[in-house]
Structure formats: C-alpha cells, structure tokens
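Student: Sharing a sequence plus its predicted fold:
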Amino acid sequence: MKLNYKRTILVGFAFFLICAFWQAYDNTVPLILTNKFGMSQTWSGVIMALDNVLALFMLPLFGHLSDKCTNPKGRRTPFIVIGTLVAACALVALSFVDNAQLRHLRDVSAIDDPAALSVIYERQKDATLLSPGGESFILGQKFTEEEFTAIRSQTVTEDGEAVTDPAYTNYVVPARQACAEAVTRAHPATVILFVALLLIILLSMATFRSPAVALMPDVTPKPLRSKANAVINLMGSAGGIIVLALGMLFATASVQNSLMSYTGYFGVIAALMLAALVVFMLTVQEPRWAKEMQEQSVAAGLEDAEEAAHPTESRKLSADEVKSLLLILLSIVLWFFGYNAVTSKYSVYASNILHKDYNLTLIIAQAAAIVAYLPVGFVAGRIGRKKTILAGVVMLTVAFGVAGFLTADSPSALMNAMFALAGIAWATINVNSFPMVVELASGGDVGKYTGFYYTASMAAQVATPMVSGLLMDKFGMHVLFPYAAVFTGLAFVTMLFVKHGDSRDIPAEKAGDTDMTVEELTND
C-alpha cells in the first residue's frame, strides 16, 4: 500500500494556512499586549489562552458537526472555506485597532528619543517596576532623568557589532510598558475592541481546525497515516517558516520596532492564507478521495464492507482501548504544557533575556522539523508510533533542559542547536500522536476524535501561558525553560503505559492484491 503524496500535499494546504496564522499570532500578539497595552506577562497569558479556552468547546463541536455534514463539497471543505475568509479579514482589521493604540502612545512611542524618554521618566519616576530578569526597582532611585534619557536601545561592542543594550530592556522597556498600561486604563475602548476582534478571529479559526485536520485521515488508509501526517506537518512547517521569514523581513523582533505598526505585516499574512485557500479549493476533491480511501481499506482488509458502506457510523471502544486513549490524551496535555509555554513566551524571552532575534531561532527549529518529518514517518512505520514518540519526548526534554542554562552571553550557536533539537523532537511527537488517536476511531468518528486530540492540546494551552506567565512575573523570565522541561519529562512517564494506537498491519492474504488496487485508485 502506497501513500499518494500529491493528494496529501494538496490536503495539507489547509494546515499550511492554519500554521501560517498561528505562527504570526503567537509571535506578535504577546508583543502587542505587553508593549502597546502594557499588560503583565500574567494578563498577556490570559489573553493568549483565550483561543485555547474557545477551542476546548469548539474543536470537538465542529469536528463532530463536520462528521455529520452532507454538503456536496464534502464534510470538511465548507468549514475550511468560511473560517479562513472570516479570519483573514478580521486579522487585517485587528491591525487598525493596534494603530489606534499607537496613536494614544504617541508621546512615549518614539524609540531612543530623549523627549519621549523624558516623558516616560516623569510619569514613572516614583513607580516600583520589575525588570524582565526579576529585579524590582524604583525608577527615580535607579536613575536620574539625565541618565535615563541617555539610554539607547542599542550599544556598540568593542568589535563594532551593534547589540541590544541590557539597560534598555531591563529598565526603559518596563517603564514604557507602565506608561502604556496607564494609557490603556485611560482609553479602555481600544483594548476592548482589540480583544473583541481577537475573539472573532479565534472563533473563526476554531470552526475549521478540526475539520481541516480530520480531512487527512478521511482520505488516507490507517497504516499510512503517520507518513501522511508527516507530509501534513511538513506543509504546516512550511507555512510557519514563511511567516518567520516575513517576520525577519519586517523586523518584527527588533527592539527598535517594538512599537511598529503591523498593518503591512498582517496584510501579507492574510494574503498568504487566502492564496493557500485558493489552491485548496481548486485542487482538493474531498468526496471522491474519501470514497476511494474506503474502497482501498476494504480491499486491504482494514475495514469490512459494511463499515465502509456506512462511513458516518461509530463503534464503541473496549475498556483497554479507552485507558490507552486517556493516557495518550494525558501525554498530549503534558507535552503541550511544556512546548506551548515556550512558543507563546519565547518572543518576549528572546527579546528581554537573550537579546536575540526570535525569528531566526524559530526558523532554525522549523527547518529542523521540516528535515525530520518524512524520516520520522518512516521510522514509525518500522519501530511503531509509541517508541518513536518516546524518543521525541526525551529529545524535547533535553533541549529545554539545556536551553534553561543559556544566557545572553552564551554562544548563539548553542541556543540554535537546542532549538534544532527541539524542532526534530516536536516533529517526532507530532507526526505520530494524532494518528495514534484517530487509529482508535471509526470512519464516522474521525472528526470527533480529532476534537478529542485538540481538546487535550488546547486544555494545556489554556493553562500554560497563564501559569508560566505568573511564574515569570514572580520569579523572572528565567523559569521558562526549566518549567517546560519538567512537563515534557512527565509526558514520557504517561506515554510508557499506552498499549493501543499503533497501526494495524495489512493482512498477509490481502497484501498481494492491495498494491494493484491502490495503484489504480491513487493515480489521478
């Protein structure tokens, strides 16, 4: 039995646009919330968790609704089309509200302008502030106005290299953010409108995430789903890496651009999403491909003819299968607790602790994942999904553990190496965890089980930005990577006890006939 790579790539354009959006969202929204609205890491984490709160309810709901959909275009396609259109338009609108907040900040928004710094000092000189490293200070006791207004965002080293001045991120940034918080309190309508638009975007994204992901198992026989999921994740990583490259082009990670307008950047992201949607709509033939997959599965002995004839019906799991399903979902919760804490806070951490461009580091992680996706799918076919996932969890724990010891003075190559390892590890986990969940589903339950998968991952993503943000506010940003390593280590323990979810082999008596049948069915 052979995977149809062409079809899988075309189906993957839906995941491409999803990942492009989330890469931009996770990297820029935390910066907007902290730099422009003056939110603490805790409150920023609360806002960043909104999408996950919504997802807890909406992903299973819309996964189940898409299972029952009878639209001529297919069960999943209508959700993908409508959700993408709404999200792309609302993303551009979000940038206009961001610009309105910038206008409120005009007195303090000029980077390195002594006049703006003087205003910041006058407003905050008696305030007790907290540096990103956890140092509490009173601005007026720490600096005179002359000293404060002399601080610049960049300093030049002895070898002539321009680097971020730690005094700027440690003292000027918290003072400016305190000014932004005061402005937000004075103009609450702006932040209310910003959050309202965020809700519209997040609702629209939640309506089609489960249907988009469920489309892969709809058109792929069970033994091939790890390989197919590798391709789907490859498409997702391609979307993410393009957005990171755009971030470098727009210099979104630059401290000097911390108060930039995002209208152009968000416009390009929206155009990228719509372009991927057009490719998807013009090429994917969901009803025909799903029917052919059912025929393949019957020919291979993976499903009986009765089950294939009623693709919307479900089956009941045994007690042992339920236990394995719950353990898989718990493992997903734990490794997302660690991983999402890093992805949702790294742009802030890199700017304030490491003084590095987060776009470059994340591109390296994405590139490593892209290289790993297909090999990981083949490895899982040889040694099984569970063993492959366990290896990935070990690598992720090591990467986060080592990264926790790195500082701004550490070699950039070492942090890049840890993120490359994390990218490979995440590819190893991601390629195989979703197929393990839907392996337990019947054809009529794929959307619902996709919802289970995302409920588990989103439950972690609801809590972890808030918990990690609270710890970072209390103890300093240095707790981020040790926090992540603890949770990924716990995921290894729970995954050890999983007994079901690896793919079934094709029966030997069917194998000989299946290749011919599949070749006939998969040739376009």
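Tutor: Cool, the structure landed.
Student: use CA for all of it now, contacts and neighbours both
Tutor: Will do.
Student: What helix or strand is the residue nearest to residue 392 when sequence neighbours are not counted located in?
Tutor: In space, and not counting its chain neighbours, residue 392 is closest to residue 425: 4.3 Å by Cα to Cα, 6 or more residues apart in numbering. Secondary structure assignment for residue 425, by DSSP states H and E: helix 412-438.
Student: quick one: whichever helix or strand comes after that helix to chain centroid distance?
Tutor: Tracing the chain C-terminally past helix 412-438 and defining elements by DSSP H and E, one meets helix 446-475 next. How far helix 446-475 lies from its chain's middle: 11 Å, per Cα atoms, centre = their mean, to the nearest Å.
Student: relative to helix 412-438, how tilted is helix 446-475?
Tutor: 140 degrees (axes from the mean of the first three to the mean of the last three Cα atoms, to 10 degrees).
Student: who's in contact with the next helix or strand after helix 446-475?
Tutor: Sequence-wise, the next helix or strand downstream of helix 446-475 (DSSP H and E) is helix 480-495. Around helix 480-495, the neighbours that count as contacts under Cα atoms under 8 Å, 6 or more residues apart in numbering are 327-328, 330-332, 334-339, 341-342, 386, 390, 393-394, 396-398, 400-401, 403-404, 468, 472.
Student: Show me which residues of helix 480-495 are buried.
Tutor: By 16 or more other Cα atoms under 10 Å, the buried positions in helix 480-495 come out as 480-492, 494-495.
Student: Also stretch 209-222?
Tutor: For stretch 209-222, the neighbour count (16+ other Cα under 10 Å) marks 209-222 as buried.
Student: what's the burial count for the residue nearest to residue 392?
Tutor: 29 (other Cα atoms under 10 Å).
Student: So it sits against residue 400, correct?
Tutor: No - checked against Cα atoms under 8 Å, the pair residue 425 and residue 400 is beyond contact range at 10.8 Å.
Student: Now tell me which helix or strand of this protein has the poorest mean pLDDT.
Tutor: helix 508-522 (a mean of 40; mean pLDDT, DSSP states H and E).
Student: So, low pLDDT: which residues of this structure?
Tutor: For the chain, applying pLDDT under 70 flags the ranges 157-160, 300, 302-315, 442-444, 503-524.
Student: the strands in it, which residues?
Tutor: Using DSSP state E, the strands assigned to the chain run over residues 128-130, 136-138, 154-156, 162-164.
Student: Quick check: which of those strands is nearest to residue 499?
Tutor: strand 128-130 (48.0 Å; Cα to Cα).
Student: Which elements pack onto the closest one?
Tutor: Under the contact criterion of 3 or more Cα pairs under 8 Å, 6 or more residues apart in numbering; DSSP states H and E, strand 128-130 touches strand 136-138, helix 173-186.
Student: Out of those, which is the most enclosed?
Tutor: Across the helices and strands packed on strand 128-130, averaging neighbours per residue (mean count of other Cα atoms under 10 Å) puts helix 173-186 on top, at a mean of 21.
Student: phi, psi of residue 111?
Tutor: phi -70, psi 130 (degrees, to the nearest 10).
Student: got a list of what it touches?
Tutor: Residue 111 makes contact with 153, 256, according to Cα under 8 Å, 6+ apart.
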